[in-house]
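Visitor: Show me the folded form of this:
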Amino acid sequence: MRRAIYPGTFDPITNGHLDIIKRACHMFDEIIVAVADSESKKPMFTLEQRIQMTQAATKSFPKVKVVGFDKLLVDLAEDLEANIIIRGLRAVSDFEYELQMGYANASLNPDLETIYLMPSLQHAFVSSSVVRTILAYEGKIDHLIAPEVHNIIKEIKK
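Guide: Down below sits the predicted model:
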């Protein structure tokens, strides 16, 4: 079985993330979307809320399983018997950081491969931080996230 992990904070999960997941489903038998606790990043939403949003957004993808984690990615990959990490690259600015992380993970587990996928052009500008910024000013975000995620955010914000 070809099992890959797509890790991130998904604060919140965006249409760009979903684009990567959809395309990864064509390449792998199972995609584990791993939602990182990432308290150091001070996420807007709790881990439980981010897992809930990610599960709601990916419910139509039968190959996708969503898990939360608070450990090294290489340890999670070993626990889940996955040897492929999927990362998204939107711009050159993402590349340097992602390359360093890929090398760091490979230094800890040489059998762990990292593949990089670009989102479709229509989603290239979408990031969780853009969504959070717009959300902070009560701007329109429904074109950037799945309807299920938008509904959850509206409930949280009540």
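Visitor: Where does residue 139 sit: helix, strand or coil?
Guide: Secondary structure state of residue 139, per DSSP: H, G, I helix; E, B strand; the rest coil, is coil.
Visitor: pLDDT at it, what is it?
Guide: pLDDT recorded at residue 139 is 94.
Visitor: For it, grab the count of nearby residues.
Guide: 10 (other Cβ atoms under 10 Å). C-beta: built from backbone N, CA, C; applies to glycine.
Visitor: show me the residues around it that make contact.
Guide: By Cβ atoms under 8 Å, 6 or more residues apart in numbering, the contact list for residue 139 is empty.
Visitor: quick one, phi psi at it?
Guide: phi -80, psi 180 (degrees, to the nearest 10).
Visitor: ok, it to residue 72 distance?
Guide: Counting by Cβ to Cβ, to the nearest Å, the separation of residue 139 from residue 72 is 36 Å.
Visitor: For the chain, name the helix or strand with the lowest mean pLDDT.
Guide: Averaged element by element with mean pLDDT, DSSP states H and E, the chain has its least confident helix or strand at helix 92-108 (a mean of 89).
Visitor: Buried ones in the helix or strand that comes right after that helix, by neighbour count?
Guide: Counting by DSSP states H and E, the next helix or strand C-terminal to helix 92-108 is strand 113-117. Counting neighbours by 16 or more other Cβ atoms under 10 Å, one finds that the buried residues in strand 113-117 are 114, 117.
Visitor: Next, the angle helix 92-108 makes with strand 113-117.
Guide: 170 degrees (axes from the mean of the first three to the mean of the last three Cα atoms, to 10 degrees).
Visitor: What helices and strands are in contact with strand 113-117?
Guide: Under the contact definition 3 or more Cβ pairs under 8 Å, 6 or more residues apart in numbering; DSSP states H and E, strand 113-117 sits against helix 15-25, strand 84-88, helix 92-108.
Visitor: how about 6 Å then?
Guide: strand 84-88 (3 or more Cβ pairs under 6 Å, 6 or more residues apart in numbering; DSSP states H and E).
Visitor: Work out the gap between the strand it packs on and the centre of the chain.
Guide: 9 Å (Cα atoms, centre = their mean, to the nearest Å).
Visitor: Let me know the average pLDDT across it.
Guide: 96.
Visitor: Run through the protein and note the low-pLDDT ranges.
Guide: In the predicted model, the chain carries no residue with pLDDT under 70.
Visitor: most distant residue from the middle of the protein?
Guide: Most distant from the centre of the chain: residue 158, at 25.3 Å, with distances by Cα atoms, centre = their mean.
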